[in-house]
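# Attaching a predicted model along with its sequence, questions to come.
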Amino acid sequence: MQKVNRMFSSLEISASGLAAQRRRMNTIAENLANTNTTHTKEGGPYKRKIVRFHELSRTGARRQFAEGGKRIPLEGTQAGHIGNNFNSGGRDTFSCVTVDVVVDKAEPEKVYDPEHPDADEAGYVKMPKIDVIVEMVDMIAASRAYEANVTAIKAAKDMSMKALEI
């Protein structure tokens, strides 16, 4: 494994977090824009999309970050760092975040609207199962996580500038 440049690893970690949160916000915006879409190219109503975060280690190994409510912490940037149980043998490693976008398997909701062009014989329309309130809360959380990564990048930049003054 190539030795990690500790000065820039924190920037890479935060940059991957920025990209992941941007992708999350774009996916949420797509869900919100298609709240009432009853007919897509694939046929049927729009299906909600979900962003899943994954850990991508420096070696390229990929692990599920949050699956089944179980969290796997990211590796530290320094061997022996406080709370770092993943570095063994004194190797310098770090991880980044990557995302997958998956389609929600929830069944669409049936709404009675016989006037709708996509209504079936009984007058029911299959609507996307998207809760606008949940999507907005997710958007706020993604926005705050994005801001936290920006703050971390600014702090790393400030520390680098102070180090150059020495």
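Right, received. Where do you want to start? The structure presented is a predicted model; accordingly, all values stated were derived computationally and were not measured.
# Okay, strands next: where are they in this structure?
Taking DSSP state E as the criterion, the chain carries its strands at 49-57, 62-64, 66-67, 70-71, 95-103, 109-112, 124-127.
# what's the closest of those to A152?
Of all the strands of the chain, strand 95-103 sits nearest to A152, with 12.5 Å by Cβ to Cβ. All C-beta spots, glycine's among them, are computed from the backbone N, C-alpha and C.
# mind checking which helix or strand of the protein has the lowest mean pLDDT?
strand 66-67 (a mean of 42; mean pLDDT, DSSP states H and E).
# Okay, now the unreliable bits of the chain?
Along the chain, segments meeting pLDDT under 70 span 1-7, 58-94.
# Could you pull out the buried residues of the longest helix seen in it?
In the chain, taking DSSP state H as the definition, the longest helix is helix 132-165. By neighbour count on 16 or more other Cβ atoms under 10 Å, the buried set for helix 132-165 is 135, 138-139, 142, 145-146, 149, 152-153, 156.
# Next up, the contacts around C96.
12-13, 15-17, 55-56 (Cβ atoms under 8 Å, 6 or more residues apart in numbering).
# Pull the most distant pair out of these.
Maximum pairwise distance in these, criterion Cβ to Cβ, is 15.1 Å, between A15 and E55.
# okay, the two: which has more neighbours?
E55 (19 against 16; other Cβ atoms under 10 Å).
# hey, what's that one bridged with?
Note on E55: beta-bridge partners R63, V97, judged by DSSP bridges.
# Just confirm it contacts V99, I think it does.
No: if you go by Cβ atoms under 8 Å, E55 and V99 don't touch, sitting 11.0 Å apart.
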